[in-house]
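Colleague: 3D model of this:
(4 chains)
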There are 4 protein chains.
Amino acid sequence: MSYRVAVSGASGYAGGEVLRLLAAHPEVEVGAVTAHSSAGERLGAVQPHLHALADRTIEDTTAEVLAGHDVVLLALPHGASGEIAAQLGEDVLVIDAAADHRLESSADWDAFYDGAHQGTWPYGLPELPGGRDRLRGTRRVAVPGCYPTTILLGLAPAVASGLVEREDIVIVAATGTSGAGKSLKPHLLASEVSGGMSPYGVGGVHRHTPEIEQGLRAAAGADVQVSFTPTLAPMSRGILATSTAKLAPGTTAEQLRAAYAAQYDAEPFVHLLPEGQWPATKQVVGSNHITVQLAVDEHAGRAVVVSASDNLTKGTAGGAVQSMNLALGLDETAGLDMMGVAP
Amino acid sequence: MSYRVAVSGASGYAGGEVLRLLAAHPEVEVGAVTAHSSAGERLGAVQPHLHALADRTIEDTTAEVLAGHDVVLLALPHGASGEIAAQLGEDVLVIDAAADHRLESSADWDAFYDGAHQGTWPYGLPELPGGRDRLRGTRRVAVPGCYPTTILLGLAPAVASGLVEREDIVIVAATGTSGAGKSLKPHLLASEVSGGMSPYGVGGVHRHTPEIEQGLRAAAGADVQVSFTPTLAPMSRGILATSTAKLAPGTTAEQLRAAYAAQYDAEPFVHLLPEGQWPATKQVVGSNHITVQLAVDEHAGRAVVVSASDNLTKGTAGGAVQSMNLALGLDETAGLDMMGVAP
Amino acid sequence: MSYRVAVSGASGYAGGEVLRLLAAHPEVEVGAVTAHSSAGERLGAVQPHLHALADRTIEDTTAEVLAGHDVVLLALPHGASGEIAAQLGEDVLVIDAAADHRLESSADWDAFYDGAHQGTWPYGLPELPGGRDRLRGTRRVAVPGCYPTTILLGLAPAVASGLVEREDIVIVAATGTSGAGKSLKPHLLASEVSGGMSPYGVGGVHRHTPEIEQGLRAAAGADVQVSFTPTLAPMSRGILATSTAKLAPGTTAEQLRAAYAAQYDAEPFVHLLPEGQWPATKQVVGSNHITVQLAVDEHAGRAVVVSASDNLTKGTAGGAVQSMNLALGLDETAGLDMMGVAP
Amino acid sequence: MSYRVAVSGASGYAGGEVLRLLAAHPEVEVGAVTAHSSAGERLGAVQPHLHALADRTIEDTTAEVLAGHDVVLLALPHGASGEIAAQLGEDVLVIDAAADHRLESSADWDAFYDGAHQGTWPYGLPELPGGRDRLRGTRRVAVPGCYPTTILLGLAPAVASGLVEREDIVIVAATGTSGAGKSLKPHLLASEVSGGMSPYGVGGVHRHTPEIEQGLRAAAGADVQVSFTPTLAPMSRGILATSTAKLAPGTTAEQLRAAYAAQYDAEPFVHLLPEGQWPATKQVVGSNHITVQLAVDEHAGRAVVVSASDNLTKGTAGGAVQSMNLALGLDETAGLDMMGVAP
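Modeller: Next up is the predicted model:
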């Protein structure tokens, strides 16, 4: 059978990526395609790469339009999904790619976002401990942020195993510009980005820090503290995260490697690379895969973990489809078997 | 049933793209994966984006290794395919992504390539007039060059309809660096390419000119003459071709548009864009699609056609798979339904 | 002595480049720095690369602020310079980097721009025949567009010598994004531009076509007709123009080369490259230089000329300073001796 | 008076940048221009952006050719400078841009380089405590590495002031490809680099770590320990370094900022940006400037310092010229007044 899936926020980068994946999904029929600002336009005018859906007309994002679907995938700005979900009924699978339902703590929400906290939905990262159980059969999914996805999959085995210390984890990550969406901001102009690197959102705790710490806490079973600095790289897609943590006394590279292998060897999308080979974003662009490698720096007493993902695919739309598959009882990898587009 | 396909030249960019597509092809089983310089290595070490095939071992390119496959796809340097094909037998489908068997004229071959001309195989561009008939059931396919693919699909309806003059066609195209392969040449270093445009191979007739003129001659039924200048753009993938031809007396934009629509409206991979929308390489990256748009410049008395493709997909590997599908009697679009990866 | 120069439009890319050059000019003192939207801000906040001027405060663009300068350089949107110039008095050197005063024909202006034609000022391209005479001592300069600068210097010797035909010149050029300024338009977002090529403004006569034809007409002494297609490349700076023209009967490569050498061998900024070496934008980025190379394609019967410039330097701000030097009676190369920043 | 300066390694990126700066230096006459592999070639063929020096002939790197210069600037591979310097005499100022004479510890040298340690020369980073005194009048200069330059100027005030702890400093930096030189390595091909980020040299202590720790030790007066991870970004030039250190108990943002201001307010090339403004590589590309900003992350208990430089200018050639100026008794900023080329 085929599930009818509506996509809201279809004019943006996340929505476009969701549609790219759903159009090729063997168990899905793409239903309504909605957006506010471009309602009434041909989808092909707004997302010219979506050839198979080019003649669809974008509709407005209303409860009427979204009614009658098995799944509604929301790729909207923060703050919009709660109200829509309430109108859809509890038997509809609602997948929210925005931040609204990721955080467990209302205080964390209040510190970084406007509006009231909308509650917490099952967190759509199946590879975290207990992740699949949370997602099977659920009718609500909070899609993780692209940074948290990349960083949590990079660090979870280390903190879960106790082979690194939970305090003083330092993370520096580089992202492509699509992570910031299609918003018309001066620092996102090609002339500004092309050929240069810049940091952003430094100078305090980043909006994604609570989500990262929440996920690591769940993996470790205890509080975890991170310093996180994001940077903007001159590329459209991809996140490369460098995460370092202090080695617990006596930790060896072999132990650490074994902990990662144990957690990831059976995973379809997370790849601990062979020794000597390092993650690079171009290995995974356009795919739901994420690559991970680690090293032990005995001089500094730190484990260094590098992880690479496509922020729009595994980091957003692919992760959403993976959770959708679990929620619907489908094969977790359905519609996600594409490999990276390289070079 | 499933066809066993061997891929030679698996360590290069074209070979990697062939494998990316074949691994997702519903009617294909990837057999031997061969290359000269990296024989014995893990495929994942050389093509780290091919996650599903990472544990394959690259074998040497020999007749023994290639024996026993239904299809052998050769992504080798020019000059190597003739000898291999001779060893494989006439019932094996041999698809040559190199230039060896594209040209009908030995004189054209001798003017631009070393070694003896190896003869002419059916030309793997189904969208040209008669293209599909040539390919159905064949056991030899010459995959077109990436420039000729993009330019021929851009110009064929114009010259075939007689709405433009066949002399004095002027083409300027920009390509990404992957078209030049993985060869270690100074002008292909990232430091040289990044952030700049440069021409190459100017100063005379380009190696691809005879192939372009041969294809246009077939479309027009008479000799066609082109001036072709390729340029190198700071991107990995993509070709954007701007082709201009003098308008035949009385030609209107409506007539020209109708000629393109007639030829392409039923094509699965060639898209005449709606008026006002223009091709861009990012619309088609990673896909077998090609987008086309045209305008009539009455001031200059020229038709201007812009076409965009991914040089590695529709321009090489996707085109090869499309021809393979026709040769094997499969659905022409099998394994080729992916859309562009944008942004 | 030192000339006081005011710069209006200081918050944009052209204005920033003017300030970069003027700050290093040995005969210039940078006076008022003005802009509308960012008046009151620290220049360093808006143009963080202008370290030597970082603590300047941007003032509003008013006649009062601009009064009392020897030179006023206007890098404003089209349509604004006429009124300001009228207020400044005839003894002030006013240099307009916008299109307002470039075109001789009001009909050409009306066809592509809003508002009334503001008249024609001496055209700031010293290397064209008669160019320097027009500029020496003038108190008004119209800075050429970046495309016309690059294309005119590429084609002028060919059309002036009569070695090519004046009809049916075909030009395809690629530009970096800074040519479009800092305007917040979706197609200028880094996610859209990065890693791809696209055309723009196709489908008719481009706004720069009349200026190109006007300049070529002056060089040739007769009407010239061009087809011009601009494309957008993933780089911040640079224009690479490929211009082709039909060879006049009997024209040889030697004759053509001699015509270019005769016109450019004494030029400080225009470089006919040695045979076999081709222009590339990275050779000239950040400099006032422009490189040119040509070839005769006997097969197609066309001369192919490639020229490369930095659209912001020789194409705008450097050209403006060069004209300023001539107008003020300074050494034409004063403040313009920087070379390209490569790689 | 004018100093005659010879440049060895003139065909590489560092050598080219040295020549770009020296050609514009008011007190310098460029003498011999030498290189091994391209000896006999026109400099313009190898470094086409160096228009003012294009007709120079590259000579072989021999003692005879280098004799008779006041300054010899060596931009050679590691291991070559010691022997050349020995032949030049002690009155010639020899500036070595390679690693040979940077390290004080032979053990550090032996751990990362081949061949015998060649001894230690005065370290060419004037902005470090005591830096200028070491360089004034010297006849030997070891030019710092581009990473150490960027990182040391980012961290020195923090460690020197005692406001951060000296153990467990974590640094992640992104560099453009020109830092790896013109060597033909597969991972430096444009197709590999364009549009992606990758780490390199991870998995242990990086070659630059001892130099970073040596410089920080000098600033702090005590041992300092760093974890350093370099990454490769898709750009030609620039380093963006994110350096974090644990806050000493009680350290406030105001104290830290005051320490940086005290050290840098009078520096001509190091700019502590105003609060709220962050370093980006495009601010400094092509210039000798370096921008620095810091934040106190109280949640993680760390200071975060971001610094941006052009690896070829302040990180290599500009730093070399700055040290040359000090050694010769010239104005430290002579020939270095260019600003960043942005956008």
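Colleague: Run through the residues that contact A:Leu155.
Modeller: For A:Leu155, the contacting residues are A:Ile169, A:Ile171, A:Leu216, A:Ala219, A:Ser243, A:Ala245, A:Val305, by CB atoms under 8 Å, 6 or more residues apart in numbering or on different chains. (Glycine included, C-beta is placed from N, CA and C.)
Colleague: Reformat the residues you listed as JSON lines; add pLDDT, neighbour count and secondary structure.
Modeller: Shown next, in JSON lines, are the contacts of A:Leu155 (pLDDT from 0 to 100; neighbours: other CB atoms under 10 Å in any protein chain shown; DSSP: H, G, I helix; E, B strand; the rest coil):
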{"residue": "A:Ile169", "pLDDT": "98", "neighbour count": "28", "secondary structure": "strand"}
{"residue": "A:Ile171", "pLDDT": "97", "neighbour count": "29", "secondary structure": "strand"}
{"residue": "A:Leu216", "pLDDT": "98", "neighbour count": "27", "secondary structure": "helix"}
{"residue": "A:Ala219", "pLDDT": "95", "neighbour count": "22", "secondary structure": "helix"}
{"residue": "A:Ser243", "pLDDT": "98", "neighbour count": "30", "secondary structure": "strand"}
{"residue": "A:Ala245", "pLDDT": "98", "neighbour count": "27", "secondary structure": "strand"}
{"residue": "A:Val305", "pLDDT": "98", "neighbour count": "28", "secondary structure": "strand"}
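Colleague: Put together CSV for these, with distance to D:Gln87 on each row.
Modeller: Converted to CSV, these look like this (distance: CB to CB, whole Å):
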residue, distance to D:Gln87
A:Ile169, 52
A:Ile171, 50
A:Leu216, 59
A:Ala219, 61
A:Ser243, 49
A:Ala245, 50
A:Val305, 48
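Colleague: With respect to chain C, which of the residues you listed is nearest?
Modeller: Distance to chain C across these (CB to the nearest CB) is lowest for A:Ile171, with 23.3 Å.
Colleague: hang on, isn't that closest one packed against A:Ile239?
Modeller: No - judged on CB atoms under 8 Å, A:Ile171 makes no contact with A:Ile239 at a distance of 11.1 Å.
Colleague: Widest-spaced pair of the contacts of A:Leu155?
Modeller: A:Ile171 and A:Ala219 (14.6 Å; CB to CB).
Colleague: Tell me where the stretch 151-300 of chain A has helices.
Modeller: Assigned by DSSP state H, counting those that start in this stretch, the stretch 151-300 of chain A shows helices spanning A:190-193, A:209-220, A:253-264.
Colleague: for these, which one ends up most surrounded?
Modeller: helix A:190-193 (a mean of 27; mean count of other CB atoms under 10 Å in any protein chain shown).
Colleague: packing partners for it?
Modeller: helix C:190-193 (3 or more CB pairs under 8 Å, 6 or more residues apart in numbering or on different chains; DSSP states H and E).
Colleague: What lies in contact with the helix it packs on?
Modeller: A:13, A:176-178, A:180, A:182, A:188-190, A:192-194, A:234, A:236, B:282, B:343, C:177, C:186-187, C:232, C:234.
Colleague: quick one, what contacts A:Ala39?
Modeller: The contact partners of A:Ala39, by CB under 8 Å, 6+ apart, come to A:Ile58, A:Glu59, A:Asp60, A:Thr61.
Colleague: From chain B, how far off is it?
Modeller: 18 Å (CB to the nearest CB, to the nearest Å).
Colleague: sec struct for that residue, please.
Modeller: Following DSSP: H, G, I helix; E, B strand; the rest coil, A:Ala39 is assigned to coil.
Colleague: Flag every residue of chain A that's near chain C.
Modeller: Contacts of chain A with chain C, taken as CB under 8 Å from any CB of the partner chain, map to A:13, A:176-178, A:180, A:182, A:184-186, A:188-195, A:234-236.
Colleague: Please tell me how far the closest residue to A:Gly215 other than its chain neighbours sits from chain C.
Modeller: Here the nearest residue to A:Gly215 in space, its sequence neighbours aside, is A:Leu152; by CB to CB, 6 or more residues apart in numbering or on different chains that works out to 4.2 Å. Taking CB to the nearest CB as the measure, A:Leu152 and chain C are separated by 24 Å.
Colleague: Can you pull the poorly scored residue ranges out of the stretch 101-250 of chain A?
Modeller: The stretch 101-250 of chain A contains residues with pLDDT under 70 at A:203-204.
Colleague: mind listing the strands in it by residue range?
Modeller: When assigned using DSSP state E, counting those that start in this stretch, the strands of the stretch 101-250 of chain A occupy the ranges A:140-142, A:169-175, A:198-199, A:226-232, A:239-246.
Colleague: any idea of the mean pLDDT for stretch A:75-91?
Modeller: For stretch A:75-91, mean pLDDT is 92.
Colleague: Can it be said to contact chain B?
Modeller: No - Stretch A:75-91 stays clear of chain B (CB under 8 Å from any CB), getting no nearer than 14.2 Å.
Colleague: For that stretch, give me every contacting residue.
Modeller: A:7-10, A:12, A:14-15, A:18, A:61, A:63, A:66-67, A:72, A:74, A:94, A:96-101, A:113-115, A:118-119, A:139-140, A:316-317.
Colleague: Which of those fall within strands?
Modeller: Judged by DSSP state E, strands contain the following of the contacts of stretch A:75-91: A:Val7, A:Ser8, A:Val72, A:Leu74, A:Val94, A:Asp96, A:Arg140.
Colleague: Identify the residues contacting the residue in the stretch 1-150 of chain A that chain B sits nearest to.
Modeller: Going by CB to the nearest CB, chain B is nearest to A:His49 of the stretch 1-150 of chain A, at 3.3 Å. By CB under 8 Å, 6+ apart, A:His49 lies in contact with A:Gly16, A:Arg20, B:Lys282, B:Gln283, B:Val284, B:Val285, B:Ser287, B:Met339, B:Gly340, B:Val341, B:Ala342.
Colleague: Excluding covalently adjacent residues, which one is nearest to it?
Modeller: Nearest non-adjacent residue to A:His49, counting by CB to CB, 6+ apart: B:Gly340, 3.3 Å away.
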